[in-house]
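Enquirer: need the 3D shape of this:
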Amino acid sequence: MAIKTGIKAPDFTLKGTSGITLTPSKDLSGKAYILYFYPKDFTKVCTAEACEFRDQFEAFRELDIQIFGISRDDLKTHERFKKEFRLPFDLLADTSGKVCKAYDALVPLIRMPKRITYLIDQEHRIAAAFSDMFESKAHIESMLKKLQVNS
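Expert: Residues are numbered from 1 along each chain as shown. So this is what the prediction gives:
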């Protein structure tokens with residue numbers, strides 16, 4: 001179950017690819033963005049999802065929306081994944097799973113991230129959420145539809 005819309009998005013600080021350390025409250029102040037949580041780099045559905053975000057990247061950029069992928073993989077694995085699939089957005093390493101848990105994106109017993117995508121508005125509230133473990137393309141379509149309705 002995803003966090004309900006209208007709720008303030010949990011803040012965090014995570015290291016990411018491209019040498020960034022992201023704290024949304026500081027680094028994305030007044031900006032809308034997407035966080036997509038996914039189970040594991042280099043797996044079939046996760047790769048398809050990342051590549052779909054890559055392929056639709058221009059549409060999000062035109063709407064001034066930054067994209068960040070989050071999994072429990074370490075930074076070294078994220079860097080390889082980003083490079084191999086030419087991802088134009090950053091991946092954030094939540095190796096402890098704390099951010100995944102804060103976003104209700106962690107399967108409790110196995111502590112693997114769920115596949116959940118959040119659209120977070122300029123006030124850093126949850127504007128939309130989409131959750132489906134096995135369907136990757138629908139995450140991107142759902143976010144684009146929500147953004148196009150709001151713009």
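
Enquirer: give me the helix or strand of this protein that scores worst on average pLDDT.
Expert: Sorting the helices and strands of the chain by mean pLDDT, DSSP states H and E puts helix 137-150 at the bottom, at a mean of 74.

Enquirer: from the middle of its chain, how far away would it be?
Expert: 14 Å (Cα atoms, centre = their mean, to the nearest Å).

Enquirer: what's in contact with it?
Expert: 34, 36, 48-49, 52-53, 56, 59-60, 63, 65, 115, 117, 119, 127-128, 130, 132 (Cβ atoms under 8 Å, 6 or more residues apart in numbering). Any C-beta I mention is one placed from the backbone N, CA and C, and that applies to glycine too.

Enquirer: same question for stretch 118-135.
Expert: 1-9, 11, 24-25, 28, 30-37, 39, 45, 65, 103, 114-117, 138-139, 142-143, 146-147, 150.

Enquirer: can you flag the buried ones in those?
Expert: Neighbour-count burial (16 or more other Cβ atoms under 10 Å) is assigned, among the contacts of stretch 118-135, to 2-3, 9, 24, 28, 32-37, 39, 45, 65, 103, 114-117, 139, 142-143, 146-147.

Enquirer: please indicate which of the contacts of helix 137-150 are buried?
Expert: 34, 36, 49, 52-53, 56, 60, 65, 115, 117, 119, 127-128, 130.

Enquirer: all helices of the protein, in order?
Expert: Using DSSP state H, the helices of the chain run over 24-27, 44-55, 57-62, 75-84, 98-102, 137-150.

Enquirer: I am finished for the moment; much appreciated.
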